[in-house]
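# What shape does this take:
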Amino acid sequence: MSTTFAEALVPLSARMPRAVREHEVLRVAGWLPGNDPDAVARKATAEVLKWGQRQAGTGLPPAAWEGETFDLPLPGRDPSAVRLRSGASDLWAFRINRPDSDVPGRVWTTEVVLGHLPESPARFSVRLLVATNEAELSITPAVPALIRHVARKCGLMVGGQRATLAPMEYRTRDEAEALVDHLLDQDRVLPTFVLTSFEETFSPPPIDPSELNKAVLGLAHVAFAHGDACWLLTERFGKRLSVFGGAVRVYVPGFDAAADPFAHRLVLPATLGSGDGVERTVRWLRETAAKVSLHRTRLGGEVLPYAAVRTASLELRQAKLREARASETDQLAAALEQINALQGQIEALKLEQVYYIGEYERERERAEAAEAQAQKAAWRIQQLSEQIRAEDGDPDSGSALPSAWTEFVEWCDEQ
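Here you go, the predicted model:
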């Protein structure tokens, strides 16, 4: 006999098709360097359209190449763009869908917004979303190729640092000074993945730096430090905050020599040397970069949704029709289009709310599990200590305390 309403509805829900949910996968938010922001924005727009045309599999209308608003109805693709000019501000937003080639019913959506504001560089943002009816979404995130095209042709800055097309490589101690400066830079807003090799010679690391950099461009920096470079990191930050011998470390923004080592996750060489250790670590690094991008940026702030730009454009168009005293038919058509856009925006916000509620529940469950594990470990430590003392033992008897604070870090490493 069912004891809850949910259990009573299980047979019915099993016969009903699963609802399609949209998940936001990642966000890239940066700016394009150059003395002429308008020219840089036009160049970036052209690169986005070239990529979009390849995704659409057909030519885009002339209005697209003129940087104007367009809609191209294509089954499963529907590329469209909105141009919004208001005063000295100029926004261009592009959106295209792509059915997944391997998973039926899964559809990827890419949104791009280019903004040119007075006396500021051109702003560039990308959102990657996926709509699916899968009960559990299992993907390994990667940025769309258009980000590499824009970075190659125009350059891409995130915070105060450039998103480089190739991973940063440091072979010598002198070169590693630049890595130290990079990690300590307070303008760094992206995590930095530092890879090392098992040997001190110039051998490749277990993880391919180029492939990882390609997947997380604009989400994280990727660096490869050889043996001599790793020694400098150890001298500057100590063993607790260094990385060497085939390990991988994630240095989050705000890092300094007094940082908590547990805040900058370390993947040990033993993990990478196991059967599927490299594959699992690469997946974790890419997932970490994508999740950080969602937490770091704000919708409506650093990143604008396509629906918001479209709605604002329709509101501006309707206001102009009223000012021009256009016919009631034209005003009604504009109002209906605006209503449809607002309905789409509301649906997107509902899906976003569902996503964040799900993330909150997962984080709460992880926190509760971690707390329970910590309590169990504390109880076990107390139990073992009591057993040792009951046998006239002292777990600290062979440990000599350091005689000076300068010896404390080394003593901790040894003990």
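# Below-threshold pLDDT in the stretch 51-200 of the chain: ranges please.
Counting by pLDDT under 70, the stretch 51-200 of the chain shows low-confidence ranges at 200.
# the strands in it, which residues?
Using DSSP state E, counting those that start in this stretch, the strands assigned to the stretch 51-200 of the chain run over residues 70-71, 80-86, 89-99, 107-116, 122-132, 157-158, 161-162, 168-170, 192-196.
# Would you mind finding the most buried of the ones you listed?
Greatest average neighbour count among these goes to strand 192-196 (a mean of 27), per mean count of other CB atoms under 10 Å. C-beta here means a position set from N, CA and C on the backbone, and glycine is covered the same way.
# so which of the strands of the stretch 51-200 of the chain comes closest to residue 371?
Closest of the strands of the stretch 51-200 of the chain to residue 371 is strand 192-196, at 28.8 Å (criterion: CB to CB).
# That closest one: partners in the sheet, and parallel or antiparallel?
Each strand paired with strand 192-196, and its direction, by DSSP bridges: strand 221-225 (parallel), strand 248-251 (antiparallel).
# Could you dump the ones you listed into CSV with mean neighbour count and mean pLDDT added?
Conversion of these to CSV gives the following (neighbours: other CB atoms under 10 Å; pLDDT from 0 to 100):
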stretch, mean neighbour count, mean pLDDT
strand 221-225, 25, 96
strand 248-251, 24, 96
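# returning to what we had before: including distance to residue 242, could the strands of the stretch 51-200 of the chain go into a markdown table?
As requested, those are exported to a markdown table (distance: least, CB to CB, whole Å):
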| stretch | distance to residue 242 |
| --- | --- |
| strand 70-71 | 53 |
| strand 80-86 | 48 |
| strand 89-99 | 42 |
| strand 107-116 | 38 |
| strand 122-132 | 34 |
| strand 157-158 | 25 |
| strand 161-162 | 21 |
| strand 168-170 | 13 |
| strand 192-196 | 9 |
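# for those strands, which one sits closest to residue 268?
Evaluated over those, closeness to residue 268 peaks at strand 192-196, with 11.2 Å, by CB to CB.
# what's the distance between that closest one and the middle of its chain?
How far strand 192-196 lies from its chain's middle: 17 Å, per CA atoms, centre = their mean, to the nearest Å.
# Can you name the element that comes right after that strand?
For strand 192-196, the following helix or strand on the C-terminal side (DSSP states H and E) is helix 209-216.
# Would you mind pulling up the elements that that next one packs against?
strand 192-196, strand 221-225, helix 277-296 (3 or more CB pairs under 8 Å, 6 or more residues apart in numbering; DSSP states H and E).
# Let me have those in TSV, extended by distance to residue 122.
Shown next, in TSV, are these (distance: least, CB to CB, whole Å):
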stretch	distance to residue 122
strand 192-196	25
strand 221-225	22
helix 277-296	20
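# Out of the ones you listed, flag the one nearest residue 157.
Ranking the helices and strands packed on helix 209-216 by proximity to residue 157 (CB to CB) places strand 221-225 first, at 12.2 Å.
# Just the CA trace of that closest one, in PDB.
Output in PDB follows, covering the C-alpha atoms of strand 221-225 (Å, rounded to 0.1, in the frame of the first residue of the first chain):
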ATOM      1  CA  HIS A 221      43.800  28.800 -17.500                       C
ATOM      2  CA  VAL A 222      45.900  25.700 -18.200                       C
ATOM      3  CA  ALA A 223      49.700  25.600 -17.400                       C
ATOM      4  CA  PHE A 224      52.300  22.900 -17.700                       C
ATOM      5  CA  ALA A 225      55.200  23.100 -15.300                       C
END
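# start at 52 instead
Sure, I'll start counting at 52 from here, so that last one is strand 272-276.
# what comes into contact with the helix or strand that comes right after it?
Proceeding N to C from strand 272-276, the next assigned helix or strand is helix 278-288, under DSSP H and E. Applying CB atoms under 8 Å, 6 or more residues apart in numbering, the external contacts of helix 278-288 come out as 221-224, 226-228, 230-231, 245, 247-248, 250-252, 276, 292-296, 308.
# got the strands paired with strand 243-247 as CSV, with distance to residue 350 columns?
Below are these laid out as CSV (distance: least, CB to CB, whole Å):
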stretch, distance to residue 350
strand 272-276, 24
strand 299-302, 25
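# Name all residues that make contact with residue 81.
Taking CB under 8 Å, 6+ apart, we find residue 81 in contact with 174-176, 207-210, 214, 269.
# For residue 314, state which of these is nearest.
Distances from residue 314 to the contacts of residue 81, taken by CB to CB, are shortest for residue 210, at 18.8 Å.
# Could you identify the helix or strand that succeeds the helix or strand harbouring residue 408?
Remark: residue 408 resides in helix 379-441, with elements defined by DSSP H and E. Beyond helix 379-441 on the C-terminal side, the first helix or strand identified by DSSP H and E is helix 459-465.
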